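model the following, please.
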Amino acid sequence: MDIRLEGDGVVLRQWAKRDLGQLVAIFDDAEMAYRLPVAAPFDLPAAEAYLTTARRAQLTGARIYLAITSGDDLARGEVVLNLATGTVGYSVGPAYRGQRLASRSLRLITGYAHSVADRPTVHLEIEADNAGSTAVARSAGYRPTGGDPVFVEDKGRRYALYRWSHNEPPAAATT
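Below is the predicted model:
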């Protein structure tokens, strides 16, 4: 299944082999390694493994991994939709931040999750001290659920992820 979403100056498309160098440019960063469950260092073999994992997850219907592009097809980040849980993850490479790519992409994949993947509620999981991700979530209409955090351990670090949610807008009433 080939997925391509366009809107608000953003194109979300599937990763391709031509993106391997950009995967390295996006994910081989100390903050990305700190916040995300990706290999560190994130080199070409790590990018190849990541692309294989993304393709396999999409083929099995588990997750959708899409590159964030903007007009010129250069991958600048990624959105991931877990189809079973309705949870979205997003990241933008350090060189491409400050362009609202994450919030525009999050709105686009959220709309897809509601309308095409039939998820009435879409979720995010964010660390409390991740101010950038919190700002992106708010700008895309997500709100904290107030529930207990989920604790995760990755690369020797244990941290709490707080759930945010976005509910599908109610259907317009017809008279």
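
for residue 82, which non-adjacent residue is closest in space?
Nearest residue to residue 82, sequence neighbours excluded (C-beta to C-beta, 6 or more residues apart in numbering): residue 63, at 5.2 Å. Backbone N, C-alpha and C define where each C-beta goes, glycine included.

residues in contact with that neighbour?
54, 57, 80, 81, 82, 83 (C-beta atoms under 8 Å, 6 or more residues apart in numbering).

so the closest residue to residue 155 other than its chain neighbours: helix, strand or coil?
Excluding the flanking residues, the one nearest residue 155 by C-beta to C-beta, 6+ apart is residue 40, at 6.9 Å. Taking DSSP: H, G, I helix; E, B strand; the rest coil as the rule, one finds residue 40 in the coil state.

got it, and residue 99?
Here residue 99 is recorded as coil under three-state DSSP.

identify the residue nearest it in space, chain neighbours excluded?
residue 70 is the one closest to residue 99 (C-beta to C-beta, 6+ apart), at 7.5 Å.

neighbours of residue 130, how many?
Around residue 130 there are 17 other residues, counting by other C-beta atoms under 10 Å.

how about the contacts made by the closest residue to it other than its chain neighbours?
Spatial nearest neighbour of residue 130, chain neighbours left out: residue 35 (6.7 Å); criterion: C-beta to C-beta, 6+ apart. Residue 35 sits next to 91, 127, 130 when contact means C-beta under 8 Å, 6+ apart.

my guess is the first one contacts residue 34. True?
No - taking C-beta atoms under 8 Å as the contact criterion, residue 91 and residue 34 are not neighbours in contact, 11.7 Å apart.

which residues of the chain score low on pLDDT?
The chain contains residues with pLDDT under 70 at 1, 171-175.

strands of that one, start to end?
4-7, 10-14, 63-69, 77-82, 87-92, 121-126, 143-144, 150-154, 157-167 (DSSP state E).

which of the ones you listed sits closest to residue 26?
For residue 26, the closest of the strands of the chain is strand 77-82, at 6.1 Å, according to C-beta to C-beta.

each with direction, which strands does the closest one pair with?
Strand 77-82 pairs in its sheet with strand 63-69 (antiparallel), strand 87-92 (antiparallel), by DSSP bridges.

dump these into CSV; add distance to residue 121 as well.
As requested, the strands paired with strand 77-82 are exported to CSV (distance: least, C-beta to C-beta, whole Å):
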stretch, distance to residue 121
strand 63-69, 17
strand 87-92, 10
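
residue 9: which of those is closest?
Residue 9 sits nearest to strand 63-69 of all those, at 10.2 Å, using C-beta to C-beta.

what's the angle from the closest one to strand 10-14?
140 degrees (axes from the mean of the first three to the mean of the last three C-alpha atoms, to 10 degrees).
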